[in-house]
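1. Next come a sequence and a model predicted from it.
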Amino acid sequence: MEKEELTFDELPSVLALVLRKVEGIEKNVERIQAAVERTTTQHKDGHTPMTLSEACEFLKMKRSTMYYHLENGNIPATRKGKNYILFKDELLKWAESGRINDVPLTFEEQAAAMSSDFKRKANPRY
């Protein structure tokens, strides 16, 4: 490739050529990005596969804790070779199933729950 000397008069045509090539590159990048977005496995029902590191980030859980739950069979996962595949909707269901109370109890409900825990009856003399 030989280096040509440009004159001041040729500068607008060379600049126009460079701009056309940059626009072509931008269009190709946009086309590639659209193709990548189409090929990603995003399902409308939330059944999206995740890697172990993505699942740890999603649940804000340490990797060692995640392995503990996977080894004990607490977390729903599929193992393909050495890698785990976890699904986003299954992780959400698992996280929600660990709730102690679905809805905060009112004061009356708390009092009723506490009074039902007593094993002996109150002494009627008092």
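-> Arrived safely. Numbers count the residues shown, from 1 in each chain.

2. need the longest helix for this protein.
-> helix 11-39 (DSSP state H).

3. what's the average pLDDT for whatever helix or strand comes next after it?
-> Toward the C-terminal end, the helix or strand that comes next after helix 11-39 (DSSP states H and E) is strand 49-50. The pLDDT scores in strand 49-50 average 88.

4. who's in contact with strand 49-50?
-> Residues from elsewhere that reach strand 49-50 (CB atoms under 8 Å, 6 or more residues apart in numbering): Thr41, Phe58, Ile85, Leu86, Phe87, Lys88, Leu91. To be clear about C-beta, it is placed using only N, CA and C from the backbone, and glycine gets the same treatment.

5. can you do 7 Å?
-> Thr41, Phe58, Ile85, Leu86, Phe87, Lys88 (CB atoms under 7 Å, 6 or more residues apart in numbering).

6. that older thread, how far does the longest helix of the chain sit from the chain's center?
-> 31 Å (CA atoms, centre = their mean, to the nearest Å).

7. and if you look at stretch 67-77?
-> With CA atoms, centre = their mean as the basis, stretch 67-77 stands 18 Å off its chain's centre.

8. Mind listing residues that contact that stretch?
-> Applying CB under 7 Å, 6+ apart, the set of residues contacting stretch 67-77 is Tyr84, Ile85, Leu86, Glu90, Trp94.
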